[in-house]
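Enquirer: Sequence first, predicted model second:
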Amino acid sequence: MTAQEAPQTLPAPLLRGPQEGETIDVAGVEHFFRLTAEHTEGRLSFEEFTLAPGVVGARPHVHHGHDEYFYVLEGELTLHNGEGEVTAGPGALLAAVRGTPHGFRNAGTRTARALCLYTPAGYEGYFRDVHDAVASGAEVTDALLAEFRGRYRTTSADPA
């Protein structure tokens, strides 16, 4: 049998149960990564996150190495869209492609729950880094966050 005649072995689909994933708590946001780079050969990461009322998930920032897509499931997110803020409820989708200033917070009175897709994968490492630093006793400062963002080709976009 030649290499051309050999049967191909195809990868099997990955099924994750409802509780399977990696939870990373960062600054009041619970990130529940269902898929990370390890599961997708670096193609994408996929998470569900929850954000209590009054919590800022991320101040305006810009990714230079990946795209992010937010889909609101419950509650409301106040999203910075590069020009200002908009309120997004269930079913709303924000596409923050590379180079797009964006951020999010929960200005509502109910916990917000949303999905986020990252492509390519890898930004989950940022959340791991921040979580590990805080767990080791580091104070979360703008300088610390800037250092970690820099590792993942992300810069601040705070409006002046």
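Expert: Received it, and whenever you're ready, just let me know what you need.
Enquirer: Quick check: phi and psi at Thr40.
Expert: Backbone torsions of Thr40, given as degrees, to the nearest 10, read phi -120, psi 20.
Enquirer: What is the burial count for the residue nearest to it when sequence neighbours are not counted?
Expert: Nearest residue to Thr40 in three dimensions, chain neighbours excluded: Ala121, at 5.7 Å (CB to CB, 6 or more residues apart in numbering). All C-beta atoms are positioned from the backbone trio N, CA, C, and that covers glycine. Burial of Ala121 is recorded as 22 neighbouring residues (other CB atoms under 10 Å).
Enquirer: How is Ala121 assigned, secondary-structure-wise?
Expert: Reducing the assignment at Ala121 to three states with DSSP: H, G, I helix; E, B strand; the rest coil gives coil.
Enquirer: That one reaches Thr36, doesn't it?
Expert: Yes. A contact is recorded between Ala121 and Thr36 when judged using CB atoms under 8 Å, the distance being 6.2 Å.
Enquirer: who touches both of these two?
Expert: Here Ala121 and Thr36 have Ser45 as joint contacts, going by CB atoms under 8 Å, 6 or more residues apart in numbering.
Enquirer: contacting residues for the nearest residue to Leu93 once chain neighbours are set aside?
Expert: In space, not counting the residues next to it along the chain, Leu93 is nearest to Tyr71; the distance is 5.0 Å by CB to CB, 6+ apart. For Tyr71, the residues meeting the contact criterion (CB under 8 Å, 6+ apart) are Gly91, Ala92, Leu93, Ala114, Leu115, Cys116, Leu117.
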